[in-house]
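Trainee: below: sequence and its predicted model.
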2 protein chains.
Amino acid sequence: MLRNPIPLQSAIKLTMEHTPLMAAEEVSLSDSYRRILAEPIIAKHNIPPFNRAPYDGFAIRSQDSAQASEQHRVVFRVVDHIGAGSLSNKPLEQGEAVRIMTGAAMPDHADAVVMLEQAKLIESENSFTIRKSFRPQENVSLKGEDASVGKVLLEAGEQIDPGTIALLATLGYSKVKVAKRPVVGIIATGSELLNIDEPLVAGKIRNSNGPMLEAQLDRMNIPFLSYGKMNDQLEDCYHRMKQALTETDCLITTGGVSVGDFDYLPAIYEKLGAKVLFNKIAMRPGSVTTLAVLEGKLLFGLSGNPSACYTAFELFTRPALLGMMGASKPYLCHTKAELSEDFTKANPFMRFIRSRISYAEGRAFVAPTGFNKSNAVTSLAKANALIVLPGGSRGFTKGDVVDVLLLGTEDGGREWKI
Amino acid sequence: MLRNPIPLQSAIKLTMEHTPLMAAEEVSLSDSYRRILAEPIIAKHNIPPFNRAPYDGFAIRSQDSAQASEQHRVVFRVVDHIGAGSLSNKPLEQGEAVRIMTGAAMPDHADAVVMLEQAKLIESENSFTIRKSFRPQENVSLKGEDASVGKVLLEAGEQIDPGTIALLATLGYSKVKVAKRPVVGIIATGSELLNIDEPLVAGKIRNSNGPMLEAQLDRMNIPFLSYGKMNDQLEDCYHRMKQALTETDCLITTGGVSVGDFDYLPAIYEKLGAKVLFNKIAMRPGSVTTLAVLEGKLLFGLSGNPSACYTAFELFTRPALLGMMGASKPYLCHTKAELSEDFTKANPFMRFIRSRISYAEGRAFVAPTGFNKSNAVTSLAKANALIVLPGGSRGFTKGDVVDVLLLGTEDGGREWKI
């Protein structure tokens, strides 16, 4: 069974072209963290909504301070006293001031704030003097200075982060329109697999891909249904997948996609009537990653090898799921860093190396996290980045600048080319 | 009421010195994402636990291949056929081979794997020939090559990420010992505050700090109890805080920490008997950040201004909460980047500017996200980083390299000095 490997970028392009779009739904603001906006956010009102005091002090009419100087201090009489949230009902007349606290609305006619430390109090007379003149709007936080009404503040497709939530709360979005999240099914296949709580027996290993994928989805705040592990039995797997497809929006299987005698996934895709878009990619690890599509749903057939499975999820499944929600930045963030140790192995294929990026002396450094085979698992546990080495490349040496994809960042990236 | 501002690093140091340590608990692996390990993870067995085939092919005794060449192909007879998870019960004799699939344990006496494409099949006779000799262990994934039994793979204090979960699953950690998470109480104070779903009225704004802090805690996977918003009433706030302290491990209040006439927090700390560690920091925004401690619990008094509140949470509360769980990397990741636009305002204080970091042409660029006052909220919505400008600095111009703290990264950082 010969397979034709396609370039990585073609595989990503095919994935994104076949990604269905989820509908929108309204959720309460407190449930909206990490959701993708399905509507632009427009300033419904000015921010701030009124002129206010940015400091504790005295609101005055700036014109009344015009003559103030070191030699000629000007006196103000305090006629009211308001905290944030209160309004003064005393429009200022000449020489009058209102004691005002940070965040309180400016009284009528007032257009400047004398900071507490700029005023010399005459306590007994409930008045104070100043020794400088104030410009109109001096020390005033102006209505609309942060955003004026009608301004588009965020586009649909942006991810909601804590800062976004502060903005939405400010504008009164107690509910917000976001993309529905796809429900992802996970099925681990392989007769060698034990459950985590089972003791090791000869020839078997525990199912690490299932829990790992659950955490990769948790990391994205994407719900999932786990269908456990399956032996390499065509009929059983077929029925489990068929069932999972009725309950989920996207299905991930691990294992069974190679060309071995017990790799049944190709036969199952055929039996399901799924169209295989690709089944081999010119990359390491993850070369046997398969993507099939059935009735608009994506079926990811990831490798049973943990490093290959992890990498293919981040490169294909992650952007596809974000794409399903209309995210404007569905890809991993791409940067560059200096190799902090030699990596001498040459390889004809594009490679993704589990790595740690760190920052020192104003520079970014990256080093492989260890043992680097597709079935490795320890190197995954310390990785916060993937080094990308182009295909056909020689080995690399310490100090070489290499491409890096960042893992586990809340913020996404736009398309990158390497 | 004069306050003595302390340097940022002193405030961070004081915070971390007064951070209590949470106890440990066991959680199931599926609940362990983003928890902090309370025990080192040791390889309970070799990874992989047995010699196995990394490819589909034929397991042979390498010694039997010694004479193979282009001219003299050597014949092997297939005596068994195993998939991953199965064992062959036929120890190899001379000239024998076992058809073996990726991941299957090597049969007894076998020490090399002939890849499928290296074998010329003679189907009718159930045998194949090879034209090269194989070295012992050629194409074999060796027992313990990823990790040998007894090796310390992760230290206590590491955060559990999806790669960690793959490793823990591999080793059979169906339960894992992690630090208990502190439960954080949130109280927003300020008579100017409306709930998110309330219409604006003159002089009032909606409570954005409460929902924002909830999301900042969500981002860290830290549970919280929200006690809503309070008017600036000493007695009411006091009782609410007193109650919250019985139900939480750490308390965040927003507002009321300035020196205004309605800023009751200092009086409440006194009435509670809490010891104030600092109440002013030489930084912008967030200068009025207060930290008090009562019966070993930290009470963070954050500013009512959203940008100040957000920044102080990330600089003080976040590392304190991670420190309570014994995290080895409780700080924001620190890096440097080139300013992609001028930032001309000079300021005597150390400043934290809400910013976006982006990567292009192998360089990191950073730009302020907009309006930059402590009461700004729109600039928070697009920030994925904080630019740090040292105190006493002049303005900065495009191309200057500046310090940057990364927001929303799963991975934490170690202590930084700026």
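Mentor: Received it, and whenever you're ready, just let me know what you need.
Trainee: get me the contact residues on the stretch 301-418 of chain A for chain B.
Mentor: Within reach of chain B by Cβ under 8 Å from any Cβ of the partner chain, the stretch 301-418 of chain A has these residues: A:304, A:306, A:310, A:333-336, A:354, A:359, A:362-364, A:371, A:373-384, A:401, A:406-411, A:413. Heads up, the C-betas are built off the backbone N, CA and C, glycines and all.
Trainee: in helices only, show me the residues you listed.
Mentor: When DSSP state H is applied, these are split such that A:P306, A:Y310 fall in helices.
Trainee: out of the residues of the stretch 301-418 of chain A next to chain B, list just those in strands.
Mentor: Within those, membership in strands is found for A:H334, A:T335, A:K336, A:R354, A:Y359, A:R363, A:A364, A:V401, A:L406, as judged by DSSP state E.
Trainee: once you drop chain neighbours, what's closest to the first one?
Mentor: I take that to be A:H334. Nearest residue to A:H334 in three dimensions, chain neighbours excluded: A:W416, at 3.7 Å (Cβ to Cβ, 6 or more residues apart in numbering or on different chains).
Trainee: please check the residues of the stretch 301-418 of chain A next to chain B and keep the buried ones.
Mentor: The neighbour count (16 or more other Cβ atoms under 10 Å in any protein chain shown) marks A:304, A:306, A:310, A:333-336, A:354, A:359, A:364, A:371, A:373-384, A:406-411, A:413 as buried among these.
Trainee: helices of chain A, start to end?
Mentor: Under DSSP H, chain A gives helices at A:8-17, A:162-170, A:209-220, A:234-247, A:265-272, A:306-312, A:318-324.
Trainee: and those helices, which is most packed in?
Mentor: Across these, averaging neighbours per residue (mean count of other Cβ atoms under 10 Å in any protein chain shown) puts helix A:306-312 on top, at a mean of 29.
Trainee: now do that one: which elements does it pack against?
Mentor: Other elements packing on helix A:306-312 under the criterion 3 or more Cβ pairs under 8 Å, 6 or more residues apart in numbering or on different chains; DSSP states H and E are helix A:209-220, strand A:297-302, strand A:350-360, helix B:162-170.
Trainee: can you list the domain ranges for chain A.
Mentor: Taking automatic domain parsing as the reference, chain A has its domains at A:8-22+A:181-324, A:26-46+A:150-179, A:57-130, A:334-406.
Trainee: which one of the ones you listed has the poorest average confidence?
Mentor: Mean pLDDT is lowest for domain A:334-406 out of the domains of chain A, coming in at a mean of 89.
Trainee: wait, what's in contact with A:E415?
Mentor: Taking Cβ atoms under 8 Å, 6 or more residues apart in numbering or on different chains as the definition of contact, the neighbours of A:E415 are A:Y331.
Trainee: repeat the analysis, applying 10 Å as the threshold.
Mentor: Shown in contact with A:E415 (Cβ atoms under 10 Å, 6 or more residues apart in numbering or on different chains): A:Q9, A:I12, A:K13, A:M16, A:P319, A:K329, A:P330, A:Y331, A:H334.
Trainee: ok, so of the residues you listed, who is nearest chain B?
Mentor: Distance to chain B across those (Cβ to the nearest Cβ) is lowest for A:H334, with 6.0 Å.
Trainee: from A:K382, how far off is the closest one?
Mentor: Noted for A:H334: a distance of 21 Å to A:K382, by Cβ to Cβ, to the nearest Å.
Trainee: A:A104 too?
Mentor: Going from A:A104 to A:K382 by Cβ to Cβ gives 52 Å.
Trainee: turn the helices of chain A into JSON lines, including distance to B:D31.
Mentor: Formatted as JSON lines, the entries for the helices of chain A read as follows, by distance: least, Cβ to Cβ, whole Å:
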{"stretch": "helix A:8-17", "distance to B:D31": "31"}
{"stretch": "helix A:162-170", "distance to B:D31": "23"}
{"stretch": "helix A:209-220", "distance to B:D31": "10"}
{"stretch": "helix A:234-247", "distance to B:D31": "22"}
{"stretch": "helix A:265-272", "distance to B:D31": "30"}
{"stretch": "helix A:306-312", "distance to B:D31": "20"}
{"stretch": "helix A:318-324", "distance to B:D31": "22"}
